[in-house]
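Student: with the input below, show me the fold.
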Amino acid sequence: MSENKPPVSLALDKLKIPHRIFTHPGPVNSLEQAARERGQRPEQVVRSILFRTGEDEYLMALVTGPHQISWKALRTYLNQSRLTMANEAEVLAVTGYPTGAVSPFGTKRTMRILVDPGVFVEDEISIGSGVRGTTVILKSADLRRAMGKSEIVPLLENPA
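Tutor: Take a look at the predicted model:
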C-alpha cells in the first residue's frame, strides 16, 4: 500500500472523492460485527459481489448489508439464463482484491457494474478497501458520483 493507504482509498483520491479509512481492531467474522465496529447498521455496509457471466466475462453487483441478490432479477436484467458467482481465485484474479475486501474502485479489470438503488438510501456507507480488515467510509452521494457509468437496477430478493 503506497502512502499506507489501501488501494481503494488511492483510487478515490484520484477521483477527488472524500472518504475516510477505518481499520477493524481484529478479525471480522460477520456483517453485524463489521457494522457495529464501524458505528453503522448492517444496511450501511455495501457488499461488492463478482459474477461470472461468460467465458472470462465478469460483472460486479453492489447491494447493502444483509440483503440477498435475486438471481431471477439479475438473469432477467442481463437477459441471460446462466451466470455464477465468482469463486475466491476468480475474485482475486479479476479485481486484485481478496474476498471480503472487494470494491468497484481500483480493480485490475474494468467491468460492468450494477448497483441496487438501496445502496444510496443511507447517507453514510462503507465499502471494501482492497485490504481485509479495513474499510472505506463515505457519503452515498459521493459514491454515486464516483460510480460514473454504473447501472442502477433493482437487484434484491425482498426489497424493503
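
Student: for the closest residue to Leu143 other than its chain neighbours, what are its contacts?
Tutor: Once flanking residues are discounted, Leu143 sits nearest to Ile125: 6.3 Å by C-beta to C-beta, 6 or more residues apart in numbering. C-beta: built from backbone N, CA, C; applies to glycine. By C-beta atoms under 8 Å, 6 or more residues apart in numbering, the residues touching Ile125 are Gln40, Gln44, Val45, Val46, Thr64, Val119, Ile137, Leu138, Lys139, Ser140, Leu143.

Student: in a strand, Ile125, correct?
Tutor: Yes: under DSSP: H, G, I helix; E, B strand; the rest coil, Ile125 sits within a strand.

Student: ok, now how distant is it from Met60?
Tutor: Ile125 sits 16 Å away from Met60, going by C-beta to C-beta, to the nearest Å.

Student: what do you get for Gly100?
Tutor: Using C-beta to C-beta, Gly100 is found at 15 Å from Met60.

Student: hang on, the earlier thing: and the residue nearest to Leu143, how close does it get to Lys72?
Tutor: 26 Å.

Student: can you pull the contacts of the most centrally placed residue in the chain?
Tutor: Residue closest to the average C-alpha location in the chain (C-alpha atoms, centre = their mean): Ser48, at 2.5 Å. Taking C-beta under 8 Å, 6+ apart, we find Ser48 in contact with Met60, Ala61, Leu62, Val102, Ser103, Pro104, Ile127, Gly128.

Student: can you read off the pLDDT for it?
Tutor: Ser48 carries a pLDDT value of 97.

Student: how far is the one helix or strand it maps to from where the chain is centred?
Tutor: Using DSSP states H and E, Ser48 falls within strand 46-54. On the basis of C-alpha atoms, centre = their mean, to the nearest Å, strand 46-54 sits 9 Å off its chain's mean C-alpha point.

Student: before we move on, what about stretch 48-66?
Tutor: 9 Å.

Student: tell me the buried residues in it?
Tutor: Residues of stretch 48-66 classed as buried: 48-53, 58-65 (neighbour count, 16 or more other C-beta atoms under 10 Å).

Student: mind checking the SS state of the residue lying farthest from the centre of the chain?
Tutor: In the chain, counting by C-alpha atoms, centre = their mean, Ser81 sits farthest out from the average C-alpha position, at 23.5 Å. Here Ser81 is recorded as coil under three-state DSSP.
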